[in-house]
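*Asks:* Coordinates for the following, if possible.
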Amino acid sequence: MRKLRLEIIIPVIFLLFASFVLGFHVEDVRASGGNFNQWRASLEMLPQRLESIGSDAPDPSTRTLPLIDTYSTVMERLKSDYYGKTIVDRDLSDDEKGKIVSERELTYDAIRGTLHALGDPFTRFMDPDSYKKMREENEGNFSGIGASLDTNKKGEVYVKEPLPDTPAMRAGVKSNDVIIAVDNKPIKGMNIEDVVKLIRGKEGTKVKLTLMRPNQTKPIEKVITRETVQYQMIKSDIADEKDKIGYIRLFQFNEKSDEQFDEAMTKLEKKHIKGLIFDLRGNPGGLLNVAVDIGSRFLESGPVVIIQERGGQKNPLYVEEDKHDHKRYPLAVLVDKSSASASEIVSGAIKDDGVGTLVGVTTFGKGRVQTILPLQDGSAVAITTAKYLTPKGTDIHKKGIAPDVYVEASDKLDINDPKTDNQLAAAVQVVKVKLGLLPKSALDKYKKPAVKTEGVVSSK
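*Replies:* Residues are numbered from 1 along each chain as shown. Down below sits the predicted model:
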């Protein structure tokens, strides 16, 4: 009797299991169209499917996403199962880059993606090299050759100008030299930041530049020994010898800027200047405290800028009276579309206070403050934490500051050549009007910005 029951029970159990498997795969069998290999692949996935059914994982929509755990799980799965480049948990040599992927770089890209989702171009991630470069710029010195680089309309990286008394200048590098290769490595298609990384290096080491000079048919090579170079943030001169109008150009607001500005003013005062032109064209900004320092040199009292915190609280940063160590002169301030951030703090304060006349075109329009958060591996995150307002409470973000005297740059503008710099020529005339050497009507020829221009804070 027992034997008979077993003979009946075993086939029944088998039929039930077969029915379960067939039911589990019925859609796959239909989709396979009779293709045995596809059906077999579906059958091989049975253990994973059974595991998912048997798990007691809660409904994903009802649980809080554990961000750290989720990222770690994805990363480990990529390292073990990704069918592509090998992912390793160490930094890569130059030869390995492009062949395998560093877990560190994947993590950096994940952070960049997170910040990109905020839609704020000023909240950004900096890898250790980028953060080091930013610190060097703020501190005012770096190890390199001492050349200011830029990109032209063709996308080529070229030497904008070699800095005075630097290895680049002593080696004979000239303005407008196009860089073709660094240490025999072609740089075509590389962005300017990567080219800078190749050129900079440890003090005392050598770097070879292959350059194409305008009006020459063959490239030239320069082997240059790197040195510790101090950023020259200030360029000063006499813009008009006859009427003694001084000129100071500030390239960036870093830790050396105010000290160098003070030195430049002392030299110009020894030449008995009667008026001053302050050039902020192309100045991308820099340190907030330095903007307050330099703004204090022009304003008598009151706030240089107003910082509005996340909660709405407004904190004025007032004029520092210990910066009043030079005479104030009739003043014109040159600005353009690349004058941003700290440049707009200073130019906005000068305009609001009425102590100077802005000449040029509308500024960039960056009215946000970033706080730098250093990370343990040498990288950092810059996070927008506040906005700033001009002394009269104007928010210039995405609007910019319109000049009082609107002068577009000529096509042949060369800031280093006063003969072709029509904006500088206009600034000279503005100062002469202030000195009573020209009538106000001398400025009537300059085009005025429209009062109602969308997205622009216009002068009236």
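*Asks:* Which residues does residue 240 form beta bridges with?
*Replies:* residue 245 (DSSP bridges).
*Asks:* hang on, it packs against residue 429?
*Replies:* No. Applying C-beta atoms under 8 Å, one finds residue 240 not in contact with residue 429, separated by 9.7 Å. Backbone N, C-alpha and C define where each C-beta goes, glycine included.
*Asks:* Report the contact partners of residue 257.
*Replies:* 140, 233-234, 250, 286, 290, 293-294 (C-beta atoms under 8 Å, 6 or more residues apart in numbering).
*Asks:* For residue 190, which non-adjacent residue is spatially closest?
*Replies:* residue 157 (7.3 Å; C-beta to C-beta, 6 or more residues apart in numbering).
*Asks:* Can you give me every residue that contacts the one you found?
*Replies:* Applying C-beta under 8 Å, 6+ apart, the residues near residue 157 are 149-151, 178-179, 187, 190, 192, 195.
*Asks:* Quick one: buried ones out of those?
*Replies:* 178-179, 187, 190, 195 (16 or more other C-beta atoms under 10 Å).
*Asks:* Closest one to residue 80 out of the residues you listed, please.
*Replies:* residue 190 (33.8 Å; C-beta to C-beta).
*Asks:* That closest one belongs to a strand, doesn't it?
*Replies:* No. Read with DSSP: H, G, I helix; E, B strand; the rest coil, residue 190 is coil and lies in no strand.
*Asks:* give me phi/psi at it?
*Replies:* Per-residue torsions, residue 190: phi -80, psi 150 (degrees, to the nearest 10).
*Asks:* now swap in residue 286 and tell me
*Replies:* phi 150, psi -130.
*Asks:* Look at it and say how many residues are nearby.
*Replies:* Residue 286: 23 surrounding residues under other C-beta atoms under 10 Å.
*Asks:* likewise the one 3 residues further on?
*Replies:* When neighbours are counted by other C-beta under 10 Å, residue 289 registers 13.
*Asks:* quick check, distance from the helix or strand containing it to the centre of its chain.
*Replies:* Element membership for residue 289, per DSSP states H and E: helix 288-296. Distance of helix 288-296 from the chain centroid (C-alpha atoms, centre = their mean, to the nearest Å) equals 21 Å.
*Asks:* if we can go back for a sec, do you know how far the residue nearest to residue 190 is from residue 264?
*Replies:* 29 Å (C-beta to C-beta, to the nearest Å).
*Asks:* how about the strands in the stretch 251-400 of the chain?
*Replies:* 275-279, 303-309, 314-318, 331-335, 357-360, 368-374, 380-389 (DSSP state E, counting those that start in this stretch).
*Asks:* Check the residue nearest to residue 190 and give its pLDDT.
*Replies:* Model confidence at residue 157, expressed as pLDDT, equals 93.
*Asks:* How about residue 229?
*Replies:* pLDDT, residue 229: 87.
*Asks:* sorry, back to before: tell me the one among the contacts of residue 157 nearest to residue 221.
*Replies:* Nearest member of the contacts of residue 157 to residue 221, counting by C-beta to C-beta, is residue 179, at 11.4 Å.
*Asks:* Please name the nearest non-neighbouring residue to residue 140.
*Replies:* With C-beta to C-beta, 6+ apart, the residue lying closest to residue 140 is residue 256, at 3.5 Å.
*Asks:* give me the number of residues near the one you found?
*Replies:* Residue 256 has 19 nearby residues by other C-beta under 10 Å.
*Asks:* How about the contacts made by it?
*Replies:* Counting by C-beta under 8 Å, 6+ apart, residue 256 has contacts 139-140, 230-231, 233.
*Asks:* Ramachandran coordinates for it?
*Replies:* When read as degrees, to the nearest 10, the backbone of residue 256 gives phi -90, psi -10.
*Asks:* where does residue 75 land in three-state SS?
*Replies:* Applying three-state DSSP: residue 75 is helix.
*Asks:* you'd agree it is up against residue 106?
*Replies:* Yes. Between residue 75 and residue 106 there is a contact under C-beta under 8 Å: 7.0 Å.
*Asks:* Overlap in contacts, these two.
*Replies:* Looking at what touches both residue 75 and residue 106 (by C-beta under 8 Å, 6+ apart), the common residues are residue 87.
*Asks:* And residue 365, how far from residue 394?
*Replies:* 11 Å.
*Asks:* So those two - more neighbours on which side?
*Replies:* Between residue 365 and residue 394, residue 365 has the larger neighbour count (other C-beta under 10 Å), namely 20 against 16.
*Asks:* how near is the nearest residue to the more buried one once chain neighbours are set aside to residue 318?
*Replies:* In this structure, residue 365 finds its nearest non-sequential neighbour in residue 400, 3.8 Å apart by C-beta to C-beta, 6+ apart. Distance of residue 400 to residue 318, computed by C-beta to C-beta: 25 Å.
*Asks:* Okay, buried residues for the helix holding residue 289 please.
*Replies:* Going by 16+ other C-beta under 10 Å, helix 288-296 has these buried residues: 288, 290-296.
*Asks:* Kindly report the same for stretch 163-170.
*Replies:* Buried-residue list, stretch 163-170, by 16+ other C-beta under 10 Å: 163, 166-169.
*Asks:* Those: which two are farthest apart?
*Replies:* Largest pairwise distance in these, by C-beta to C-beta, is 9.5 Å, between 163 and 167.
*Asks:* list the residues that contact both of those two?
*Replies:* 146, 229.
*Asks:* Give me the most central residue, the chain.
*Replies:* Centroid check for the chain by C-alpha atoms, centre = their mean gives residue 122 as the closest residue, at 7.3 Å.
*Asks:* Specify the residue ranges that define each domain of this structure.
*Replies:* The chain breaks down by automatic domain parsing into domains covering 2-57, 66-117, 141-230, 234-443.
*Asks:* any idea which of these is most buried?
*Replies:* domain 234-443 (a mean of 19; mean count of other C-beta atoms under 10 Å).
*Asks:* Can you get me the start-to-end distance on that domain?
*Replies:* 28 Å (C-alpha to C-alpha, to the nearest Å).
*Asks:* Please apply the same query to stretch 201-209.
*Replies:* 13 Å.
*Asks:* How about residues contacting it?
*Replies:* So stretch 201-209 is contacted by 143-145, 173, 179, 181-184, 198-199, 221-228 (C-beta under 8 Å, 6+ apart).
*Asks:* Show me these that map onto helices.
*Replies:* 198-199 (DSSP state H).
*Asks:* if we can go back for a sec, the domains of the chain: lowest mean pLDDT?
*Replies:* When I compare those, domain 2-57 is least confident, with a mean of 50.
*Asks:* on that earlier part again, Provide the secondary structure category for the residue nearest to the centre of the chain.
*Replies:* Residue 122 is classified as coil under three-state DSSP.
*Asks:* begin at 401 from here
*Replies:* Understood, numbering begins at 401; the last thing we discussed is residue 522.
*Asks:* measure it to residue 766 for me?
*Replies:* According to C-beta to C-beta, residue 522 and residue 766 sit 7 Å apart.
*Asks:* go on, residue 579?
*Replies:* 29 Å.
*Asks:* Kindly report the same for residue 720.
*Replies:* Distance from residue 720 to residue 766, by C-beta to C-beta: 23 Å.
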